[in-house]
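Predicted model and sequence follow; I will ask about them next.
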Amino acid sequence: MVVRQEIMMKQNREMTSFSRCKCAFRKAAVVGALAVASLMPLKSATAEDGRRNEPVPDTPTAVEEPEESGSAWMTVRPGYVIGDNQLLIRAEGGASSVHGTRFYGFVDIQPSEHDSAAIDSFYGELRLSQDIFHGLAIYGELNAGTGMDPVFRPGVLYNLSAGGWNMQLRLSPISLGGVQEVQLAFYTNTTFAGRISFEALFDVNFKAGSIYYETATDVDIGAGFSVGLQIRGFSVLEDRTTDIQPLLRVSFSH
């Protein structure tokens, strides 16, 4: 099962039968929304939309979206989790409007047991934001997955580009749903020599005293295809424990 999904499951409270029914209804709605997000065609995105690089200036400035109505992108990433001997699929997409409204979403689908080829569990995130002023924005994020309560995180974010790096800082002071948490997230990406892309994500959960992180390096082989290595990890600061998942992946962008 996805490392991040296991974290969320551990933090969930026990539910009554009535709340389980409501939870099932909400999960169905979330899955539908994430599925729609995954069908969007690729055009362009920046650090807020997540996972695609754009040319940036050499001096620090707020990351700006191209002024193009209906700008959207999509990437599908089949992968293989080396240590767990599992196949998985990540589908992600984003969109933006000339009014500063931006969307990003992804779904991870993979087995729930080690050494299994049965892709039977999922974890997904859906984020909608609205620009306010020069890279500053407000956002709402919805997390859902197999065996967990949906979680809604409102917050503020800031986009910045400097020295060829796209960066985004997000702060969610509260969360609603299965997990009560204060979360600080940092995401960055860049491209070297026009063909090698690098990205990193860090989610710090203050109440749980934990850090979830992803780093990835991909090499563009042309025609919308790339191959790369991603590392996913989860660390509990109090217990000094770390769980790491390395995976090989192929990306198809359209």
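Yes, it's here. Treat the numbers as computed from the prediction; the structure is a model and nothing was measured.

What is the neighbour count of Arg170?
By other CB atoms under 10 Å, the residues close to Arg170 number 22. Heads up, the C-betas are built off the backbone N, CA and C, glycines and all.

Please apply the same query to Leu201.
Count around Leu201 with other CB under 10 Å applied: 18.

Kindly report the same for Val98.
12.

likewise Leu88?
For Leu88, using other CB under 10 Å, the count is 21.

which parts of the strand or helix carrying it are buried?
Using DSSP states H and E, Leu88 sits within strand 86-96. Within strand 86-96, the residues scored as buried using 16 or more other CB atoms under 10 Å are 86-88, 90-96.

Over to stretch 79-88?
For stretch 79-88, by 16+ other CB under 10 Å, it's 79, 81, 84, 86-88.

Same question for stretch 101-118.
For stretch 101-118, by 16+ other CB under 10 Å, it's 102-112.

For the stretch 1-150 of the chain, which segments count as helices?
3-11, 17-37 (DSSP state H, counting those that start in this stretch).

Could you identify which of these has the lowest mean pLDDT?
In terms of mean pLDDT, the lowest-scoring of those is helix 17-37 (a mean of 41).

Quick one: low-confidence residue ranges for this structure.
1-70, 115-118 (pLDDT under 70).

Would you map the strands across the stretch 1-150 of the chain?
Using DSSP state E, counting those that start in this stretch, the strands of the stretch 1-150 of the chain run over residues 71-81, 86-96, 101-110, 121-133, 136-145.

Ser226: which of the ones you listed is closest?
For the strands of the stretch 1-150 of the chain, the distance to Ser226 is smallest for strand 71-81, at 9.1 Å, taking CB to CB.

picking up where we left off before, ok, which of the strands of the stretch 1-150 of the chain comes nearest Ser175?
strand 136-145 (8.7 Å).

can you pull the buried residues of that closest one?
For strand 136-145, burial by neighbour count (16+ other CB under 10 Å) applies to 137, 139, 141-145.

so which of the buried residues of stretch 101-118 comes closest to Val179?
For these, the nearest to Val179 is Asp108 (17.6 Å; CB to CB).

now Thr217: how far from Thr190?
The gap separating Thr217 from Thr190 is 11 Å, by CB to CB, to the nearest Å.

Mind listing the shared neighbours of those two?
Residues touching both Thr217 and Thr190 (CB atoms under 8 Å, 6 or more residues apart in numbering) are 197-198.

In JSON lines: the buried residues of strand 86-96, plus distance to Arg170.
Output for these, formatted as JSON lines (distance: CB to CB, whole Å):
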{"residue": "Gln86", "distance to Arg170": "29"}
{"residue": "Leu87", "distance to Arg170": "30"}
{"residue": "Leu88", "distance to Arg170": "25"}
{"residue": "Arg90", "distance to Arg170": "20"}
{"residue": "Ala91", "distance to Arg170": "22"}
{"residue": "Glu92", "distance to Arg170": "17"}
{"residue": "Gly93", "distance to Arg170": "19"}
{"residue": "Gly94", "distance to Arg170": "15"}
{"residue": "Ala95", "distance to Arg170": "18"}
{"residue": "Ser96", "distance to Arg170": "17"}
